[in-house]
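[1] When you get a sec, could you give me coordinates for this:
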Amino acid sequence: MVERVAALAPYFEQAVHSLKGAKHVADIRNYGLAAGITISAVPGEPAKRPYEIAMRCLEKGFYVRYGGDTVQLAPPFIIEKSEIDSLVNALGEALNATA
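    Numbering: from 1, shown residues only. So this is what the prediction gives:
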């Protein structure tokens, strides 16, 4: 598994960082197959957008963690590149659909 994660990590990093500049994205960071995306807050409601984004992802079949002003990704180590693409596409659509 360690070798598999090391091989997939650069692809995951590139996919996640492709969301740079997307609506509401303030920062993106990752390590291996884990990523945190800081979301710009709604004034007075810092956790509102991450929750809404996470619920939109869930509607698309993807569970993403959220907390405070972030959305966190930690896919299983058996993930395939096509599934990474699907996850990041769903997240991008959720970001664009959130007010």
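[2] Identify the residue nearest the most centrally placed residue in the chain in space, chain neighbours excluded?
    Centroid check for the chain by CA atoms, centre = their mean gives residue 73 as the closest residue, at 5.0 Å. What sits nearest to residue 73 in space, not counting adjacent residues and going by CB to CB, 6 or more residues apart in numbering, is residue 35, at 4.4 Å. For glycine as for every other residue, the C-beta is placed from the backbone atoms N, C-alpha and C.
[3] Hmm, residue 32 and the residue nearest to the centre of the chain touching each other?
    No: Residue 73 lies out of contact with residue 32 (CB atoms under 8 Å); the separation is 11.0 Å.
[4] Now the helix or strand where residue 93 lies: buried residues?
    Secondary structure assigned from DSSP states H and E places residue 93 in helix 81-97. Residues 84, 87-88, 90-91, 94-95 are the ones in helix 81-97 that count as buried (16 or more other CB atoms under 10 Å).
[5] And that helix, how far out from the chain middle?
    In this view, helix 81-97 has its centroid 8 Å away from the chain centroid, taken as CA atoms, centre = their mean, to the nearest Å.
[6] helices and strands around it, which ones?
    If you count contacts as 3 or more CB pairs under 8 Å, 6 or more residues apart in numbering; DSSP states H and E, helix 81-97 packs onto helix 2-17, helix 48-59, strand 70-73.
[7] Adding mean pLDDT as columns, could you present the ones you listed in CSV?
    CSV is the format used below for those (pLDDT from 0 to 100):
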stretch, mean pLDDT
helix 2-17, 97
helix 48-59, 97
strand 70-73, 98
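[8] Just say which of these is most tucked in.
    Compared across the helices and strands packed on helix 81-97, strand 70-73 shows the largest average neighbour count, a mean of 20 (mean count of other CB atoms under 10 Å).
[9] Using PDB, list the CA coordinates for the helix holding residue 93.
    Below are the C-alpha coordinates for helix 81-97, written out as PDB (Å, rounded to 0.1, in the frame of the first residue of the first chain):
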ATOM      1  CA  LYS A  81      -7.100   7.600 -11.200                       C
ATOM      2  CA  SER A  82     -10.500   7.700 -12.800                       C
ATOM      3  CA  GLU A  83     -12.100   7.800  -9.400                       C
ATOM      4  CA  ILE A  84      -9.900  10.700  -8.300                       C
ATOM      5  CA  ASP A  85     -11.000  12.500 -11.400                       C
ATOM      6  CA  SER A  86     -14.700  11.800 -10.500                       C
ATOM      7  CA  LEU A  87     -14.200  13.000  -7.000                       C
ATOM      8  CA  VAL A  88     -12.500  16.300  -8.000                       C
ATOM      9  CA  ASN A  89     -15.000  16.900 -10.700                       C
ATOM     10  CA  ALA A  90     -17.900  16.400  -8.200                       C
ATOM     11  CA  LEU A  91     -16.100  18.800  -5.800                       C
ATOM     12  CA  GLY A  92     -15.700  21.400  -8.500                       C
ATOM     13  CA  GLU A  93     -19.300  21.200  -9.400                       C
ATOM     14  CA  ALA A  94     -20.300  21.500  -5.700                       C
ATOM     15  CA  LEU A  95     -18.100  24.600  -5.300                       C
ATOM     16  CA  ASN A  96     -19.700  26.200  -8.400                       C
ATOM     17  CA  ALA A  97     -23.200  25.400  -7.200                       C
END
